[in-house]
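J.: Build me a model from this:
(one chain, ligands or ions: 1)
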Amino acid sequence: MRTETLSVEERAGQKPVVRVEDLRVSLKKRHKQTELVKEVSFEVYPGECLGILGESGSGKSMSVKAMLGILDKNFAVSGNAWFEEKNLIKESKETLRSIRGSKIAVVLQNPMTCFDPLYRIGNQMAETFATHTDWKKEEIFRRSVEILERMKIRNPEEVLAKYPHQLSGGMLQRIMIGIAMALKPALLIADEPTTAIDAITQHEILEEFIRIKQEHQTAMIFITHDLGAISRVADRLIVMNSGEVVDRGDFQHILHHASDSYTRLLVEKRAEVMKKYRESIHGHQEVCHD
Ligand SMILES: Nc1ncnc2c1ncn2[C@@H]1O[C@H](COP(=O)(O)OP(=O)(O)OP(=O)(O)O)[C@@H](O)[C@H]1O
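T.: Numbering: from 1, shown residues only. So this is what the prediction gives:
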């Protein structure tokens, strides 16, 4: 369980990689405006992972999509998202496109939609790396093989020759994570990155997130409804409910001192699952400590 957080002193001299202020998203539909995200604010420092926790529909994805400028014109977005002196909310589509994929890498929920069905995986990786790095052809191939190996994909050379539909959702998700990490972005955003991945591989992939964060001082935003996954990777958490941030703090705070009733419910649900899991493994009742 990771609980270490940048201390106030450590943060004092540092500038956040991203600072989101009063982010709001509403959906315009036939003269009606529905607020989906309300007054969301957070910042992420170099080498730090911010976890965004909340159940399905709580506004986690909507918040990062708004900040990345990937919502369509049916959504009205306001507030600020400062990244390298630029306010992402106010930047042009072109500027945002060039920032995404190089300085900000994103792993979104549905990996199938991130790959072009008509091109082999290796060609798509090569194109991404040719656009965003200065690697030459041989280096791109060598690194692509290494990335798949790191992501625990067997027979990487064969996989590079395959089309997306020939691979499982979990494999595509791992490839997406590998590509995002290889770009060594200043900010890595991962939305439910390990949902389609089996438990053992998930453990190893989470270790990769931790390694990248520590070795390259990458700032990360890790979105999930899984308290277990987030407890390992995130240094600080915000909890969302109905489009709002209802709690914030490090994992221990969320676990033991969360004041919000919704957050307590999430924690209790996790404790219940852990208790059942332990009972099934050990065949007797144990008190859950985490
Ligand atoms: N394309 C869309 N059109 C209209 N409403 C949407 C759309 N996408 C999401 N919403 C609504 O916005 C709210 C926030 O959704 P969001 O996708 O951010 O939730 P989430 O916390 O990321 O959950 P999940 O992990 O299930 O996506 C929800 O009420 C959802 O129904």
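J.: quick one: terminal-to-terminal distance for stretch 49-63?
T.: Start and end residues of stretch 49-63 are separated by 16 Å (CA to CA, to the nearest Å).
J.: Could you give the number of residues near the residue of the stretch 101-250 of the chain found nearest the ligand?
T.: Residue of the stretch 101-250 of the chain nearest the ligand, by CB to the nearest ligand atom: Glu192 (5.9 Å). Heads up, the C-betas are built off the backbone N, CA and C, glycines and all. Neighbourhood size, Glu192 [other CB atoms under 10 Å]: 20.
J.: residues in contact with it?
T.: By CB atoms under 8 Å, 6 or more residues apart in numbering, the residues touching Glu192 are Gln109, Ile223, Thr224, His225.
J.: Closest one of those to Val159?
T.: Val159 has its nearest neighbour among the contacts of Glu192 in Gln109, at 21.5 Å by CB to CB.
J.: So for that closest one, what pLDDT did the model give?
T.: pLDDT recorded at Gln109 is 75.
J.: Is it located within a strand, as I assumed?
T.: No - counting by DSSP: H, G, I helix; E, B strand; the rest coil, one finds Gln109 to be coil, located in no strand.
J.: Please, where are all the helices along this structure?
T.: With DSSP state H as the criterion, the chain has helices at 8-12, 60-68, 93-99, 121-132, 137-150, 156-160, 169-182, 199-216, 227-233, 251-257, 261-282.
J.: And those: which comes nearest Val77?
T.: helix 60-68 (4.5 Å).
J.: can you give me the offset of the closest one from its chain's centre?
T.: Relative to its chain's centre, helix 60-68 lies at 11 Å (CA atoms, centre = their mean, to the nearest Å).
J.: Would you tell me whether it gets close to the ligand?
T.: Yes - for helix 60-68 and the ligand, the contact criterion (CB under 6 Å from any ligand atom) is met by Lys60, Ser61, Met62.
J.: For those residues, which single residue is the most surrounded?
T.: Neighbour counts for those peak at Lys60, which has 26 neighbours (criterion: other CB under 10 Å).
J.: if we can go back for a sec, of the residues of helix 60-68 next to the ligand, closest to Met176?
T.: Distances from Met176 to the residues of helix 60-68 next to the ligand, taken by CB to CB, are shortest for Ser61, at 15.3 Å.
J.: need the contact list for the residue nearest to that closest one when sequence neighbours are not counted.
T.: Once flanking residues are discounted, Ser61 sits nearest to Asp191: 5.5 Å by CB to CB, 6 or more residues apart in numbering. Counting by CB under 8 Å, 6+ apart, Asp191 makes contact with Lys60, Ser61, Val64, Val106, Val107, Leu108, Gln109, Ile223.
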